[in-house]
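**Student:** Have a look at this prediction, sequence included:
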Amino acid sequence: MADLFSKIKKGSILMWDVDQDQDLPKRKEIIRLLGIENFAYYKSDGHHRSYIKPLARLKKCLSTDISEAKHGYWMQIPTSHFLFTPNEIKSNSWLASKYFGKCLGSYYVDSASLQNLDELLRRFDRARNIVDDAKSWGQKVESHKQEIKKYGIEDPVIENFQVSSLSALVDGYGEQAVEQAKQKLLQWHQLHYWNNEITQEPSGALQEAVVGE
């Protein structure tokens with residue numbers, strides 16, 4: 001895995017979703033709108049995809065509908081490219097408006113903060129799995145009822161078990177764990193997501209914008 005932070009210990013990752021490389025903002029436009037000169041474009045599915053994957057999943061987890069926020073749905077999360085710069089860039093309303101739906105926002109991070117995000121996402125996934133397991137218990141009992149009937153097995157406890165009572169008992173089971181895990185993700189997002197502070201001066205670590213893996 002290529003290390004994005006081998007030379008630049010901390011930087012902004014500005015994510016994009018465009019059809020082609022030429023749909024990305026040109027160098028002069030980035031300099032004019034964001035006030036940065038040292039940056040590079042990369043493809044999200046290239047050598048640095050392990051850094052982009054948790055950021056893309058984070059946005060999905062914080063969305064209103066988190067039904068597809070699990071790890072297995074990664075390929076459905078749209079992000080084609082990202083811009084990397086050592087500068088902490090600010091949110092630009094004009095840029096966001098012109099490239100609405102294509103500019104996905106920026107995070108100012110280092111390797112340690114992304115490792116922390118990975119851990120928070122694992123906790124979120126575990127909490128979601130607990131909720132899903134609890135919701136499946138009623139279905140499992142129903143399948144047990146069908147199974148003993150199919151094979152001629154007699155068990156009054158299974159036969160008379162009230163699935164509705166079980167469903168009522170586990171209603172809300174694990175939901176607080178999910179909400180707590182989501183709040184931790186929200187706190188991480190608020191700490192690292194781009195803001196309206198003045199952009200820092202370029203550091204000279206990157207000299208030209210390129211598109212590549």
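**Tutor:** That came through fine.

**Student:** domain ranges for this structure?
**Tutor:** 10-110+194-212, 119-185 (automatic domain parsing).

**Student:** Quickly compare those domains and say which is most buried.
**Tutor:** Mean neighbour count (mean count of other C-beta atoms under 10 Å) peaks for domain 10-110+194-212 among these, with a mean of 17. Yep, even glycine has a C-beta here, placed from its N, CA and C like the rest.

**Student:** so how far is it off the chain centroid?
**Tutor:** Centre-to-centre, domain 10-110+194-212 and its host chain are 13 Å apart (C-alpha atoms, centre = their mean, to the nearest Å).

**Student:** model confidence over it, on average?
**Tutor:** For domain 10-110+194-212, mean pLDDT is 81.

**Student:** how far away is the most centrally placed residue in the chain from residue 118?
**Tutor:** For the chain, residue 57 is the residue whose C-alpha lies nearest the centre (C-alpha atoms, centre = their mean; 1.7 Å). Shown here: residue 57 relative to residue 118, a distance of 10 Å by C-beta to C-beta, to the nearest Å.

**Student:** Mind giving me the packing neighbours of the longest helix seen in the chain?
**Tutor:** Counting by DSSP state H, the longest helix found in the chain is helix 111-150. Applying 3 or more C-beta pairs under 8 Å, 6 or more residues apart in numbering; DSSP states H and E, one finds that helix 111-150 contacts helix 49-61, helix 156-159, helix 163-169, helix 175-192.

**Student:** can I get those helices in TSV with distance to residue 124?
**Tutor:** Below are the helices and strands packed on helix 111-150 laid out as TSV (distance: least, C-beta to C-beta, whole Å):
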stretch	distance to residue 124
helix 49-61	6
helix 156-159	35
helix 163-169	24
helix 175-192	4
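
**Student:** what about stretch 89-107, how long is it end to end?
**Tutor:** Using C-alpha to C-alpha, to the nearest Å, the end-to-end distance of stretch 89-107 comes out at 9 Å.

**Student:** Next: stretch 93-104.
**Tutor:** Note: stretch 93-104 ends 12 Å apart using C-alpha to C-alpha.

**Student:** try stretch 95-114
**Tutor:** With C-alpha to C-alpha as the measure, stretch 95-114 spans 25 Å from end to end.

**Student:** Can you give the distance from it to the centre of its chain?
**Tutor:** Distance, stretch centre to chain centre, for stretch 95-114: 12 Å (C-alpha atoms, centre = their mean).

**Student:** Other residues contacting that stretch?
**Tutor:** 3, 5, 9-18, 23, 25, 33-34, 51, 54-55, 59, 78-79, 83, 88-89, 91, 117, 188, 192-194 (C-beta atoms under 8 Å, 6 or more residues apart in numbering).

**Student:** taking those residues one by one, which sit in helices?
**Tutor:** Residues of these located in helices (DSSP H): 33, 34, 51, 54, 55, 59, 117, 188, 192.

**Student:** Run through the residues that contact the closest residue to the fourth one other than its chain neighbours.
**Tutor:** Read that as residue 54. Distances taken as C-beta to C-beta, 6 or more residues apart in numbering place residue 117 nearest to residue 54, at 4.9 Å, with adjacent residues excluded. Counting by C-beta under 8 Å, 6+ apart, residue 117 makes contact with 54, 55, 58, 109, 185, 188.
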